[in-house]
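Student: Need coordinates for the following:
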Amino acid sequence: MKKEIVLLALSFILFISIVSAVEIKLSKDSYKPMETLQAEITGNFIDSLAEENILIYKIGIPRSTPVLSGFAKHSDTYYFYAILPNQEGNFSINIENARYTESGAEKTETITKEFKIKTKNESALQINPGLVKTSGDFSVDIKNLYEGGKISADFNGQASNFSLNEGAEKTIEFSVMNMDSGKYDLKINSYIIPVFVTEKTIINDTPINQTNQTNINQTNSTQPKVNITNKTEDEVKAMNCSDFGKECGDNEQCDVETKPALDSGFCCPGACTEKKKTSYTWLGILIILIVLGAVAFIYFKAKNKEPPTSEEILRSKSDKFDERMENREVSGKLGGI
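Tutor: Residues are numbered from 1 along each chain as shown. Reported below is the predicted structural model:
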């Protein structure tokens with residue numbers, strides 16, 4: 001009897017240890033650069049886990065690697081995705097500054113799960129977002145990271161099949177009409193994107209999200225941007241421009257200082273505003289004023305010129321008379337010969 005009690009106690013302790021241990025489950029152990037990483041996190045967290053607790057590190061570098069990411073919780077599972085950086089190496093996903101219990105004891109140690117980013121000859125996709133929270137229709141962007149291939153997507157019977165060349169992108173849209181709230185799976189090739197449909201209420205025929213959650217990729221919405229305020233220049237250069245800003249058009253200018261990004265030399269982390277058109281009206285006015293001034297100067301100079309004195313008039317007439325007389329003398333001499 002005592003032996004049975006001891007075995008029962010050990011089994012209970014083992015059960016508690018297994019249930020309360022924190023686990024990070026990745027969809028893969030190795031990814032291609034810029035591929036979508038997906039993770040499921042379970043454990044007995046004392047405080048609710050937040051996206052700020054989940055960080056990506058390149059092994060050997062103390063600061064975290066900036067990534068475009070998303071986070072959600074459903075039942076007792078946390079879901080996390082990240083668009084990985086365009087670089088190879090050994091990386092890890094860390095859970096930091098979180099309180100949890102393990103074997104009945106409270107702990108705050110960092111939990112780490114390692115993975116690799118390397119170029120390999122196999123199909124890989126960048127799917128953004130890697131999870132969806134929505135109360136309405138939504139869309140996802142798909143980018144093929146390998147050779148041209150077929151893409152197959154299916155969500156609740158809504159199928160889409162197409163081909164994408166390497167580096168090409170396509171946006172596909174899905175509807176949640178007549179779907180109950182809950183978790184659904186969007187299957188895109190070998191990737192499974194969790195879709196959390198939230199409840200809606202109707203106020204004046206306008207559907208709103210009852211839980212006030214933000215759809216991170218509803219149609220016509222913008223993707224969440226990485227805040228680069230506290231990022232180093234090297235960290236910013238490791239990101240694509242779309243991760244933290246955008247490129248301004250030819251007729252636009254950035255309202256803050258532009259930053260170099262992985263795919264752009266002039267990425268605007270602020271707002272693009274229309275350039276003020278240069279006006280040359282002032283130049284035309286200046287030229288007109290100069291011309292009018294010159295005409296006025298000549299006019300007034302001519303008007304204010306002093307009339308010749310009597311002596312100058314007599315001297316002029318005397319000179320003309322002498323000139324005529326000289327001409328007559330020459331004519332007379334020639335006539336006498």
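Student: Confirm residue 236 sits in a helix?
Tutor: Yes. Remark: residue 236 belongs to a helix, assigned using DSSP: H, G, I helix; E, B strand; the rest coil.
Student: where exactly do the helices run in this structure?
Tutor: When assigned using DSSP state H, the helices of the chain occupy the ranges 2-20, 233-237, 241-244, 281-303, 310-336.
Student: residues in contact with the third one?
Tutor: For helix 241-244, the surrounding residues in contact (C-beta atoms under 8 Å, 6 or more residues apart in numbering) are 66-68, 83, 223, 225-228, 236, 247, 259, 261-264, 267, 269. All C-beta spots, glycine's among them, are computed from the backbone N, C-alpha and C.
Student: quick one: it to chain centroid distance?
Tutor: Here helix 241-244 shows a centroid-to-chain-centroid distance of 3 Å under the convention C-alpha atoms, centre = their mean, to the nearest Å.
Student: out of the contacts of helix 241-244, which are inside strands?
Tutor: In this view, these that belong to strands under DSSP state E are 68, 83.
Student: Could you tell me how many residues sit around residue 271?
Tutor: Counted by other C-beta atoms under 10 Å, the residues lying close to residue 271 total 13.
Student: Repeat that for residue 238.
Tutor: Around residue 238 there are 19 other residues, counting by other C-beta under 10 Å.
Student: Likewise for the one 3 residues further on?
Tutor: Neighbour count of residue 241, defined by other C-beta under 10 Å: 21.
Student: From residue 151, how far off is it?
Tutor: Between residue 241 and residue 151 the distance is 25 Å, computed by C-beta to C-beta, to the nearest Å.
Student: what's the answer for residue 195, then?
Tutor: Residue 195 sits 17 Å away from residue 151 when distances are taken as C-beta to C-beta.
Student: Comparing those two, which residue is more hemmed in?
Tutor: Between residue 195 and residue 151, counting by other C-beta under 10 Å, residue 195 is the more crowded of the two (23 against 18).
Student: Specify the beta-bridge partners of that one.
Tutor: Beta-bridge partners recorded for residue 195 (DSSP bridges): residue 132, residue 184.
Student: For it, give me its contacts.
Tutor: With contacts taken as C-beta under 8 Å, 6+ apart, residue 195 has the following neighbours: 131, 132, 134, 138, 155, 174, 176, 183, 184, 185, 186.
Student: change it to 6 Å
Tutor: By C-beta atoms under 6 Å, 6 or more residues apart in numbering, residue 195 lies in contact with 132, 184, 186.
Student: I figured residue 268 hits residue 248, correct?
Tutor: Yes. Between residue 268 and residue 248 there is a contact at 5.1 Å, judged by C-beta atoms under 6 Å.
Student: where do the contact lists of these two overlap?
Tutor: Common contact partners of residue 268 and residue 248 (C-beta under 6 Å, 6+ apart): residue 254.
Student: Which one's more surrounded, those two?
Tutor: Summary of the neighbour comparison: residue 268 and residue 248, criterion other C-beta under 10 Å, with residue 268 having more neighbours (23 against 20).
Student: Nearest spatial neighbour of the more buried one, chain-adjacent residues omitted?
Tutor: The spatially closest residue to residue 268, leaving aside those adjacent along the chain, is residue 254, at 3.6 Å (C-beta to C-beta, 6 or more residues apart in numbering).
Student: again, but for residue 147
Tutor: Computed as C-beta to C-beta, 6+ apart, the closest residue to residue 147 that is not its neighbour in sequence is residue 166, at 5.3 Å.
Student: Low-confidence bits of the stretch 51-200 of the chain, can you list those?
Tutor: The model of the stretch 51-200 of the chain has pLDDT under 70 over residues 200.
Student: got a list of what the spatially closest residue to residue 180 that is not a sequence neighbour touches?
Tutor: In space, residue 180 comes closest to residue 197 once its chain neighbours are excluded; the distance is 7.2 Å by C-beta to C-beta, 6+ apart. Applying C-beta under 6 Å, 6+ apart to residue 197 gives the contacts 176, 179, 181.
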